[in-house]
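A.B. asks: sequence and predicted model, in that order:
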Amino acid sequence: MLTELKREAYEANIALPKQGLINLTFGNASAIDRARGIFAIKPSGVDYADLRPIDMVLVDLDGKIVEGKLKPSSDTPTHRRLYLGFSSVGGVVHTHSSCATAFAQAGRAIPCFGTTHADYFDGEVPVTRKMTPKEIAGAYEWETGNVILERFKKLDPLDRPAVLVNRHGPFTWNATLAKAVEVAVALECCAHMALMTLQLAPKLTSIEPELLAKHFKRKHGPGAYYGQAKK
């Protein structure tokens, strides 16, 4: 089972540069085995071309390394915090994809201007507040997770499975790691389109509530009808 968990994390990590979401070694992905309370994550600073499934590091929800010869990603505490705070999440992805990161650096949420965005996110992609000097000087990566959870106090993490960390970059998640990777791809696509839309129509307002609800709910929730029926 843990071998499969490592492979799941490995396949997600190598998918990120293939999807154009990663430059150099910026970013990471992790998958959790909820029954065992263990997640697999990319090792820190290892080039994606050199990664192997065996290189994935296993960490428990107390932050203890369970298995692995390499040091886990420096963002491991953030992933751990999200797993502890979002019980419905099975995988977490962090990238520095260019357009989504541009919004994060500007401290701006990604507005929902159209139905492509509405297919994945039930409204704007939120941005966190800036971290305080004390948070930055302390347990920085853990506090990064805390500011994300703070931003989601009144939001369903599966209705908006992404966030922009102010001055930093995007994190995505979902019930499975494969879905979290899909959301990361969709997020960058929506961020790119939002930037172009703002160039064409700087004063454009967000999508109409009725159209947002129609597109989001046709793909999510008990009334969803998009795609093929599950066997």
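C.D. replies: That came in fine, so what should we check first? Note that this is a predicted model, so its numbers are computed, not measured. Numbers count the residues shown, from 1 in each chain.

A.B. asks: now the element after the helix or strand where Lys179 lies, going C-ward?
C.D. replies: Using DSSP states H and E, the element containing Lys179 is helix 177-200. With elements assigned by DSSP H and E, the helix or strand that comes after helix 177-200 is helix 209-217.

A.B. asks: helices or strands next to that following helix in the packing?
C.D. replies: Identification of packing neighbours for helix 209-217 by 3 or more CB pairs under 8 Å, 6 or more residues apart in numbering; DSSP states H and E yields helix 115-118. Every residue, glycine included, has its C-beta placed from N, CA and C.

A.B. asks: from Val89, how far off is Ala178?
C.D. replies: As judged by CB to CB, to the nearest Å, Ala178 and Val89 stand 13 Å apart.

A.B. asks: of those two, who's got more company?
C.D. replies: For Ala178 versus Val89, neighbours defined as other CB atoms under 10 Å are more numerous around Val89 (24 against 17).

A.B. asks: for the residue nearest to the spatial centre of the chain, give me its contacts.
C.D. replies: Relative to the mean C-alpha position of the chain, the nearest C-alpha, by CA atoms, centre = their mean, is the one of Thr172, at 1.2 Å. By CB atoms under 8 Å, 6 or more residues apart in numbering, the contact set of Thr172 is Val92, Val93, His94, Thr95, Pro161, Ala162, Ala180, Val181, Val183, Ala184, Leu187.

A.B. asks: tell me the predicted confidence for it.
C.D. replies: Listed pLDDT for Thr172 reads 98.

A.B. asks: can you give me the buried ones in the helix or strand harbouring it?
C.D. replies: Assigned by DSSP H and E, Thr172 falls within strand 169-174. Buried residues in strand 169-174, counting neighbours by 16 or more other CB atoms under 10 Å, are found at Gly169, Pro170, Phe171, Thr172, Trp173, Asn174.

A.B. asks: what does stretch 155-175 give?
C.D. replies: Within stretch 155-175, the residues scored as buried using 16+ other CB under 10 Å are 157-158, 160-166, 168-174.

A.B. asks: what of stretch 79-90?
C.D. replies: The neighbour-count check on stretch 79-90 (16+ other CB under 10 Å) flags His79, Arg80, Arg81, Leu82, Tyr83, Phe86, Val89, Gly90 as buried.

A.B. asks: cheers, nothing more for now.
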